[in-house]
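1. quick one: sequence plus predicted model below, questions after.
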Amino acid sequence: MSDKTMSAEEAISRLESGMTLGIGGWGSRRKPMALVRAVLRSEITDLTVVSYGGPDVGLLAAAGRIRKLVTAFATLDSIPLEPHYRAARERGAFELTEVDEAMFMWGLHAAANRLPFLPVRAGIGSDVMRVNPGLRTVTSPYADEVSGVREEFVAMPALRLDAALVHMNRADRLGNGQYLGPDPYFDDLFCEAADAAYVSCERIVDTAELTKEAAPQTLLLKRSSVTGVVEAPSGAHFTSCAPDHGRDEAFQKLYATTPYAEFAERFLGGDEQEYQRAVQAWQKEQR
């Protein structure tokens, strides 16, 4: 067992242009925003991004870092459609593969289990098949015991990832990751589907502390599937990371209504500490 702690910059330095990058969280909830901001400070581009999309997708799309996006949606939750994603998509800035939420999950499951695909009912009879002509179907080799019918399924291809970025409430130095909020989302699948996984967290604690005040079931990430751990307090900002903090709705509204170049100049020009200082200065202006 080894100490896997590193800085956000060290984690992102291990990524390369052209990679397939999975980003955990869901919409505007528990996104690894500090790591996404570190990607924006790098020269990495031409990415295939796989995400239940939120501002991670919006920022990377607006900055021109995405070549292809695989997603089920791109939302800020309280703002239904991610505006920077929408603007980039409308100008044809990247290729899009949009699938059903369950298909997306099954693609991660397939990759995590090193299978080429998994059968899923979701998508059958919908326009998902029309807008994704590369998708194939498979027929069950087993007939239904009652009807005798051999059912047809979508063969959802594995969403194999070169690297994954996720954010947890707590982690230890070995790579065990813990969520304390209401939903694990699919961060464990992102890590297991990836060749390398980098986990930011609100706080790094000793291993024994992980189950001191929370149930063992909250230990979502196993150290065997984690490559690096980054301590990043407020590292999900402006998305939520319950119970540590909620979504910063006022700042999210600012992000959604500000042209990307203007937003980037004010908030994304420096390192993570400068980002936090810029946010605090803006919050002070609003009082």
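-> Ah, there it is. Residues are numbered from 1 along each chain as shown.
2. pop out the phi and psi values for the nearest residue to residue 143 once chain neighbours are set aside.
-> Sequence neighbours aside, residue 150 is the residue nearest to residue 143 in space, at 5.1 Å (criterion: C-beta to C-beta, 6 or more residues apart in numbering). In short, each C-beta sits where N, CA and C put it, glycine included. With angles defined as degrees, to the nearest 10, residue 150 sits at phi -100, psi 110.
3. how about residue 188?
-> Reported as degrees, to the nearest 10, the phi and psi values for residue 188 are phi -70, psi -40.
4. shaky segments in this protein?
-> For the chain, applying pLDDT under 70 flags the ranges 1.
5. hmm, back to that, was I right about the residue nearest to residue 143 contacting residue 140?
-> Yes: between residue 150 and residue 140 there is a contact at 4.9 Å, judged by C-beta atoms under 8 Å.
6. identify each buried residue in stretch 277-287, please.
-> For stretch 277-287, a neighbour-count test (16 or more other C-beta atoms under 10 Å) marks residue 279 as buried.
7. same deal with stretch 261-270?
-> Neighbour-count burial for stretch 261-270 flags 263, 267-268 (criterion: 16+ other C-beta under 10 Å).
8. closest one to residue 198 out of these, please.
-> The nearest member of these to residue 198, counting by C-beta to C-beta, is residue 268 at 19.4 Å.
9. check the gap between that closest one and residue 67 for me.
-> Residue 268 is 21 Å from residue 67, where distance means C-beta to C-beta, to the nearest Å.
10. so residue 62 makes contact with residue 260?
-> Yes: assessed by C-beta under 8 Å, residue 62 is found in contact with residue 260 at 3.8 Å.
11. out of these two, which sits in the busier spot?
-> residue 62 (23 against 19; other C-beta atoms under 10 Å).
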